[in-house]
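Chemist: Here you go, sequence then predicted model.
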Amino acid sequence: MDNNFDRPVCKMSTARAVNLLAKDGIIVTEEQAEFILEFLYDMAEIAVEQYLKEHKRDFS
């Protein structure tokens, strides 16, 4: 298992997000998609930080 937490994050393009959302009938502009993606990245970062904080002893 690769535990390299310092590798760069590959972010989804706003165009791809617009297309994926459109497939589910959710129509957004690229500006709205950018806002949605930033929110999701922020939430994911919080979730990972919280998980690591709660399981700190498991990684020592």
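Modeler: That came through, no problem.
Chemist: Give me the phi and psi for the nearest residue to Met12 once chain neighbours are set aside.
Modeler: Excluding the flanking residues, the one nearest Met12 by C-beta to C-beta, 6 or more residues apart in numbering is Leu37, at 6.2 Å. Where you see a C-beta, it was placed from the backbone N, CA and C, and this is true even at glycine. Dihedral pair for Leu37: phi -60, psi -40, per degrees, to the nearest 10.
Chemist: Helices of this structure, residue ranges please.
Modeler: Per DSSP state H, the chain carries helices over the ranges 14-23, 30-54.
Chemist: Tell me which residues of the shortest one come out buried.
Modeler: Using 16 or more other C-beta atoms under 10 Å as the test for burial, helix 14-23 gives Thr14, Ala17, Val18.
Chemist: Quick one, grab the pLDDT at the nearest residue to Thr29 once chain neighbours are set aside.
Modeler: Nearest residue to Thr29 in three dimensions, chain neighbours excluded: Val18, at 7.5 Å (C-beta to C-beta, 6+ apart). For Val18, the model assigns a pLDDT of 98.
Chemist: Cool, thanks, talk later.
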